[in-house]
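In: Need the 3D shape of this:
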Amino acid sequence: MSEIRNLINITDFSVEEIDELIRVADDIVKNHSAYENICAHKKLATLFFEPSTRTRLSFEAAMLELGGSVLGFSEAGSSSAAKGESVSDTVRTVGCYVDIIAMRHPKEGAPVVAAQRTTVPIINAGDGGHFHPTQTLTDLLTIKRKKGRLNNMTIGLCGDLKFGRTVHSLIEAMIRYEGIRFVLISPQELQVPDYVKDEMDNAGVEWKEVEKLEDAMGELDILYMTRVQRERFFNEEDYVRLKDSYILDLEKLKAAKEDLTIMHPLPRVNEIAVEVDDDPRACYFFQALCGKHIRMALILYLLGIKREA
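Out: Got it, this is the predicted structure:
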């Protein structure tokens, strides 16, 4: 590829491009040995200005399994950001050393700024409460593998729908598929922002809001649980009041469909009881594995590397 492609928001990729990423991710599982050295001598920088476990490690595992190498940092304090260096300068400098960058930042829009100055592809690994496109790709791959389709289903989104960047990105992705219906389950204080509701309306997607998980359980094909994020609250009292709003347990699941798919971007605090982990409908750890596969496919796509037939 002569043109630098970045992934800042899930809508940067067409439905057809996402379908191709899913195809490659599945091929990686089927023909893993064919990909073991496909990124030999390529380097990924993980610039994480905000803590992460799954996203950072899955990016690193993805590049290593492709035969490449990884360098970077896992918190802002261990970078020159602690000295006041701008994101733009950091990205331009790091671009001299690597072939591709994955960046997480607590400020919304930071990856957009970085993409304007980059000389290598940039992947947004999460920017504040804004977007998390690689989690969305993970979610889409999980849904496709579990349901065999990405259309004609009812998706329940539960918990922190106001600050949850994974929720916003998933809605943006799914409104492009036919027959999608959303049930938004949250307290009033944590409802989906108006701009996301406007996007659903403009796409002609059916949606409704409820405050009780029990009121929606029986109609759901997908239940996407989220945690109430302490780091997004300015007021500790508000966090304490809302943090236990929704807890999924086996009792609540009695009303659910037998083929319900339960998802969660993780980390979990207490919003899914541990007893649910052994239920065959629980897919959140499988979802984490899908994250590695889709990030492998994404790295290859942005670097313009294809497996030889």
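In: going forward, measure contacts and count neighbours with C-alpha atoms only.
Out: Fine.
In: Show me the helices in the stretch 101-250 of the chain, by range?
Out: 110-117, 133-147, 165-174, 194-202, 236-242, 250-253 (DSSP state H, counting those that start in this stretch).
In: can I get those in a markdown table with mean neighbour count?
Out: Putting the helices of the stretch 101-250 of the chain into a markdown table (neighbours: other CA atoms under 10 Å) gives the following:
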| stretch | mean neighbour count |
| --- | --- |
| helix 110-117 | 19 |
| helix 133-147 | 23 |
| helix 165-174 | 22 |
| helix 194-202 | 13 |
| helix 236-242 | 12 |
| helix 250-253 | 14 |
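In: of all the ones you listed, which lies closest to residue 64?
Out: Ranking the helices of the stretch 101-250 of the chain by proximity to residue 64 (CA to CA) places helix 133-147 first, at 17.5 Å.
In: tell me the mean pLDDT for the closest one?
Out: Here helix 133-147 scores 97 as its mean pLDDT.
In: Okay, angle between that helix and helix 165-174 too, please.
Out: 60 degrees (axes from the mean of the first three to the mean of the last three CA atoms, to 10 degrees).
In: So which elements touch helix 133-147?
Out: strand 122-127, helix 165-174, helix 284-303 (3 or more CA pairs under 8 Å, 6 or more residues apart in numbering; DSSP states H and E).
In: for those, which one ends up most surrounded?
Out: Looking across the helices and strands packed on helix 133-147 with neighbours counted as mean count of other CA atoms under 10 Å, the highest average goes to strand 122-127: a mean of 26.
In: now that one: mean pLDDT?
Out: pLDDT averaged over strand 122-127 gives 92.
In: close enough to count as contact, residue 200 and residue 177?
Out: No: counting by CA atoms under 8 Å, residue 200 does not reach residue 177; the two are 11.7 Å apart.
In: would you list the helices and strands packed on helix 133-147 in CSV and tack on distance to residue 259?
Out: As requested, the helices and strands packed on helix 133-147 are exported to CSV (distance: least, CA to CA, whole Å):
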stretch, distance to residue 259
strand 122-127, 30
helix 165-174, 20
helix 284-303, 15
